[in-house]
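In: Sequence first, predicted model second:
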Amino acid sequence: MSRLIAVLLLLLLPATAKAQAFDGLRVVFCGTSGPLPIAGRAKPCTAVQVGGALYLVDVGPESTENLMSWRVPVATAKAVFITHLHSDHIGDLGEFNMQSWVGGRAQPLAVVGPAGVDKLAKGMNLAYEDDHRFRKAHHEHGATFELPAGLLQPKVVTIAKPDGVAVAWKDGDLTVTAIRVAHDPIDPAFAYRFDYKGRSVVISGDTRKWPPLAAAAKGADVLIHEAQNNAMTRQMAAGLKTMGNARLSSIMADTVTYHTEPVEAADLARAAGVKALVLTHLTQAGLPMYSPETFAKGMEDGGKLDWRLAKDGMTIELPAGSSDVRFGAY
Ligand SMILES: [Zn+2]
Ligand SMILES: [Zn+2]
């Protein structure tokens, strides 16, 4: 071994040991756009690593590729929490399930969410039945490929009250609470709150400004909220109409009713009293008229706030036994 390699190994070892010893919530932004294609941004996906397990909140197209290229251990996945059944939030479920199973996941992957996740899991299991059978037949020598471990296992969470909450998952010190939000006509739609050893993060899913979410996020460390600047949306709709694309113009105009403006998300974060706000689901980040300054204009009019815009690969660490909020990146 050359001296240089030995020195490099010595430098790397403490970092590796430290990473393994981390106890807390670790968030990884695996997809930060909305339904439209934006280079460098996968569609909605927020990963939470805790207690040696990987959880996803939504699994939009291209998000599995992100996670795997960053070497996030997908085989440690236990559950995917679905906020709602829009395609940009579920499009990579089959790919993620297959990759984490082939990677060595030993148990079925739970698919937790509102009514409809049962149909989603059942349909995906059927669609991938042959793929899983082929892989088992070809690769099962030395490594085992249990077909039941490759299945999606639905868990429907029901919340009767429009402003209600329900425990969606419990595993040791981790509790995940589903919070009903307002993305009508897509109903029900959920946000999720992860609580672990006194640390917490709330992920809004898609919703218009919904004050009960501030109540459910009260005292959380970080709020990750969707955001859409409606002035930009209206500009885009008008532009598309002028260009003769009435169909896309009309679709674009429809979306102003069921998303949250950056300024509204900031108000909500202040009402919840969180330490930091991260805006995601940035459908508009690919538009020619987009700039972070125009998108976020007015966010601090209501008072000071620690906020930032999500990027694919951004990470947040919330160590147990501390009040630190550590932002980082892959
Ligand atoms: Zn969406
Ligand atoms: Zn949606």
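Out: Done, it's in. Residues are numbered from 1 along each chain as shown. Ligands and ions are numbered 1, 2, ... in the order given.
In: and Lys136, what element?
Out: Assigned by DSSP states H and E, Lys136 belongs to helix 129-139.
In: For the closest residue to ligand 1 within the stretch 151-300 of the chain, grab the count of nearby residues.
Out: Nearest residue of the stretch 151-300 of the chain to ligand 1, counting by C-beta to the ion: Asp206, 4.4 Å away. All C-beta atoms are positioned from the backbone trio N, CA, C, and that covers glycine. By the measure other C-beta atoms under 10 Å, the count of residues near Asp206 is 26.
In: that older thread, ok, and for the helix holding Lys136, which residues are buried?
Out: Using 16 or more other C-beta atoms under 10 Å as the test for burial, helix 129-139 gives 132, 135-136.
In: which residues touch stretch 89-103?
Out: Applying C-beta atoms under 8 Å, 6 or more residues apart in numbering, the contact partners of stretch 89-103 are 42-45, 56, 58-64, 67-68, 73-75, 77, 80, 82-83, 109, 111, 120, 124, 127-128, 131-132, 135, 139, 145, 149-150, 152, 205-206.
In: ok, now with 6 Å
Out: Under the criterion C-beta atoms under 6 Å, 6 or more residues apart in numbering, residues 44, 58-61, 63-64, 74-75, 77, 83, 109, 124, 128, 150, 152 lie in contact with stretch 89-103.
In: Tell me the first helix or strand C-terminal of the helix holding Lys136.
Out: Next in sequence after helix 129-139, counting helices and strands by DSSP H and E, comes strand 152-156.
In: May I have the strands that pair with that following strand, each with its orientation?
Out: Sheet pairing of strand 152-156 (DSSP bridges) gives strand 109-113 (parallel).
In: Can I get the partner strand in CSV, CA atoms only?
Out: Taking C-alpha atoms only, strand 109-113 is exported to CSV below (Å, rounded to 0.1, in the frame of the first residue of the first chain):
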residue,chain,number,x,y,z
LEU,A,109,-42.1,-3.0,0.9
ALA,A,110,-45.0,-1.4,2.7
VAL,A,111,-46.9,1.2,0.7
VAL,A,112,-48.7,3.4,3.2
GLY,A,113,-51.2,6.1,2.2
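In: Tell me if it is near ligand 2.
Out: No: using C-beta under 5 Å from the ion, strand 109-113 stays clear of ligand 2, with a minimum separation of 12.8 Å.
In: One more: stretch 180-195?
Out: No: judged by C-beta under 5 Å from the ion, stretch 180-195 and ligand 2 are separated, with a smallest distance of 5.5 Å.
In: Check which residues of that stretch are buried.
Out: Buried residues in stretch 180-195, counted by 16+ other C-beta under 10 Å: 180-183, 186, 188-195.
In: quick one: average confidence on it?
Out: Mean pLDDT, computed over stretch 180-195, is 97.
In: same thing with stretch 249-260?
Out: The pLDDT scores in stretch 249-260 average 95.
In: Contact partners for the residue of the stretch 201-330 of the chain found nearest ligand 2?
Out: The stretch 201-330 of the chain approaches ligand 2 most closely through Asp206 (3.5 Å), counting by C-beta to the ion. Under the criterion of C-beta under 6 Å, 6+ apart, the neighbours of Asp206 are 183, 226.
In: Same check on Ala265?
Out: Contact analysis of Ala265 by C-beta under 6 Å, 6+ apart lists 225, 227.
In: pretty sure it belongs to a helix, no?
Out: Yes: assessed by DSSP: H, G, I helix; E, B strand; the rest coil, Ala265 belongs to a helix.
In: How much space separates it from Ser200?
Out: As judged by C-beta to C-beta, to the nearest Å, Ala265 and Ser200 stand 17 Å apart.
In: Let me know the secondary structure of Asp301.
Out: coil.
In: Let's see the pLDDT reported for the closest residue to Pro319 other than its chain neighbours.
Out: Take Pro319 and drop its neighbours on the chain: the residue closest to it by C-beta to C-beta, 6 or more residues apart in numbering is Gly24, 4.0 Å away. What the model reports as pLDDT for Gly24 is 98.
In: Near Gly24, how many other residues are there?
Out: Other residues lying near Gly24 total 20 when counted by other C-beta under 10 Å.
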